[in-house]
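S.K.: sequence? don't have it. structure:
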């Protein structure tokens, strides 16, 4: 784990973490645990069970509802110019009150790859957006996760 933030919420908590060039999200509230882990594909792991393979698709969406928990996940890869990539990477590299960022070391002294996690809590809903940039690859990988605890007041 390279960077971690724990949010204490009435009735539960949220853990957000940068793990390699990937991220981890866990929500614990109202007697349930919901975990999400997005990992980069590693050819050395071929043959191991993988719940979902997104592949090279530019976008993917998943929804699930179980009991009083609704979960939505979206993943998009957006091509961009190298100038836009540099600007967005510099913006995402700065952690703030609602953003956890990790900048990977670069061999040439330039800004390296960045994994950034942003979040917002509104009542019983938490929205988490992650961004992954990689130098030399003019695209930004963005995921958006929404966890809605339908039992009012669990996160509020």
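M.R.: Yes, it's here. Since the structure is predicted, the reported quantities are computational estimates derived from the model, not experimental observations.

S.K.: quick one: contacts for residue 134?
M.R.: Shown in contact with residue 134 (C-beta atoms under 8 Å, 6 or more residues apart in numbering): 21, 113. From N, CA and C alone the C-beta is placed, and that goes for glycine too.

S.K.: mind redoing it with 7 Å?
M.R.: With contact set as C-beta atoms under 7 Å, 6 or more residues apart in numbering, residue 134 has these partners: residue 113.

S.K.: give me the contacts around the helix or strand where residue 90 lies.
M.R.: Per DSSP states H and E, residue 90 falls inside helix 82-92. With C-beta under 7 Å, 6+ apart as the test, helix 82-92 has contacts from 101, 111, 114, 116, 131, 133, 138, 140.

S.K.: now for the residue nearest to the second one when sequence neighbours are not counted, how many residues are close by?
M.R.: What that stands for is residue 111. Spatially, and ignoring its direct neighbours in sequence, residue 111 is nearest to residue 89 (5.6 Å; C-beta to C-beta, 6 or more residues apart in numbering). Using other C-beta atoms under 10 Å, residue 89 has 21 neighbouring residues.

S.K.: could the contacts of helix 82-92 go into CSV alongside pLDDT and distance to residue 33?
M.R.: Shown next, in CSV, are these (pLDDT from 0 to 100; distance: C-beta to C-beta, whole Å):
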residue, pLDDT, distance to residue 33
101, 93, 26
111, 77, 35
114, 91, 28
116, 94, 24
131, 93, 25
133, 89, 30
138, 89, 38
140, 91, 30
